[in-house]
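Peer 1: curious how this folds, go ahead:
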Amino acid sequence: MRPLRAAPPARFRIKFSSSYAEVDVSTNRPMTALAPGRVARPIGPGSLLWRYAGDHRLAFSGLSAGLLQLMHPAIGAGVAEHSDFFTDPWGRIIRSIPQILGVVYLPNPEALGRRIRGYHRTITGFDAAGRRYRALEPSTFWWAHATFQYATEMVADRFDRRHLSQHDREELYLDGVEWYRRYGVSMKPVPANRAGFAVEWDRHVDEVLEMTPAAAKAVDMALHDRDMELKFLPSWTRFLQPHVITPLLRLGAFGGLPARLRRRLDIPWGLREEADYQLLRYSVASLWRWLPARARYGPVASAGYDERVRRDSHGRQALLSGA
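Peer 2: Below is the predicted model:
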């Protein structure tokens with residue numbers, strides 16, 4: 001497989017392949033036998049996770065992930081009690097997402113993953129129902145990650161002209177397992193394959209998630225707060241934000257929730273919203289391919305591609321398996 005070659009920014013390209021090897025985390029060398037907890041899956045510019053996780057279209061699915069996290073009793077309580085999310089929601093998102101994506105794209109991802117894990121050490125307490133919670137409880141931490149895995153797959157499923165095959169879906173899931181492994185939290189709750197993930201996902205949707213106080217507040221903000229300024233966007237978008245951008249983000253946030261969860265938790269969604277959501281999906285999928293490659297990706301993903309190409313072109317580190 002040919003390694004990536006250095007290219008100037010104007011000719012930014014993304015290569016894709018599906019070749020992987022298993023390597024020992026401590027030596028960075030291929031392994032001939034699996035060692036639980038020590039096996040890393042190389043993910044890089046050739047992987048599906050790199051293709052979709054840092055794509056700007058995550059904006060249309062990522063807010064669903066946020067709502068799904070707040071609907072988890074432990075995560076919702078932790079956010080309400082230990083975070084400034086409700087006083088500065090967009091600021092909180094802008095501070096968090098680049099680090100989470102950095103665990104996918106940036107050099108030394110395991111060090112960054114451990115740092116993120118460390119942020120959660122003191123997040124403990126009791127939720128609104130008096131249940132004890134701990135952010136680093138493995139099943140709780142895994143659910144937060146699972147929502148990002150779901151949001152990334154939604155980019156491919158709903159906002160892209162390509163269609164994931166069953167093989168692609170399995171590959172993307174295994175990429176996501178590697179993403180989670182880099183946090184250094186117990187792998188015990190992680191399903192072994194995409195089919196297992198689907199079962200565990202459905203169980204959470206049907207049995208675990210609830211309209212927590214944090215989720216109820218977030219839903220109310222999304223439905224009724226039309227004056228929230230999106231400071232991370234260019235100043236020329238200020239006029240468009242309440243009339244165009246905010247409604248589209250709201251549509252993506254609620255449209256990305258499982259339909260049966262919307263029904264169970266009485267989240268407003270009718271034929272008009274469904275039609276608008278389908279139009280949004282079609283429009284984004286149809287128009288996205290006309291954007292320059294550089295414009296499709298956020299700064300963390302772009303920095304990751306640049307760094308991998310630079311390292312390879314200078315001969316300091318060959319890309320594993322041609323990724």
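Peer 1: report all helices and strands that the helix ranked longest in the chain contacts.
Peer 2: Criterion DSSP state H: the longest helix present in the chain is helix 138-158. Helix 138-158 is packed against helix 48-52, helix 59-70, helix 73-82, helix 166-181, helix 194-203, with contacts defined by 3 or more CB pairs under 8 Å, 6 or more residues apart in numbering; DSSP states H and E. Glycine gets a C-beta too; all of them are placed from N, C-alpha and C.
Peer 1: now do 6 Å
Peer 2: helix 48-52, helix 59-70 (3 or more CB pairs under 6 Å, 6 or more residues apart in numbering; DSSP states H and E).
Peer 1: now render the ones you listed as JSON lines, adding mean neighbour count, mean pLDDT and distance to residue 299.
Peer 2: Formatted as JSON lines, the helices and strands packed on helix 138-158 follow (neighbours: other CB atoms under 10 Å; pLDDT from 0 to 100; distance: least, CB to CB, whole Å):
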{"stretch": "helix 48-52", "mean neighbour count": "24", "mean pLDDT": "96", "distance to residue 299": "15"}
{"stretch": "helix 59-70", "mean neighbour count": "24", "mean pLDDT": "96", "distance to residue 299": "14"}
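Peer 1: export the ones you listed to JSON lines and tack on distance to residue 145?
Peer 2: Putting the helices and strands packed on helix 138-158 into JSON lines (distance: least, CB to CB, whole Å) gives the following:
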{"stretch": "helix 48-52", "distance to residue 145": "12"}
{"stretch": "helix 59-70", "distance to residue 145": "10"}
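Peer 1: so which of those is nearest residue 184?
Peer 2: Taking CB to CB, helix 48-52 is the member of the helices and strands packed on helix 138-158 nearest to residue 184, at 18.4 Å.
Peer 1: among the helices and strands packed on helix 138-158, which is nearest residue 142?
Peer 2: Nearest of those to residue 142, taken as CB to CB: helix 59-70 at 11.6 Å.
Peer 1: could you quantify the relative orientation of that closest one and helix 138-158 as an angle?
Peer 2: 160 degrees (axes from the mean of the first three to the mean of the last three CA atoms, to 10 degrees).
Peer 1: contact partners of helix 59-70?
Peer 2: Helix 59-70 has contacts (CB atoms under 6 Å, 6 or more residues apart in numbering) with 75-76, 144, 147-148, 151, 154-155, 159, 214-215, 218, 249, 252-253, 256-257.
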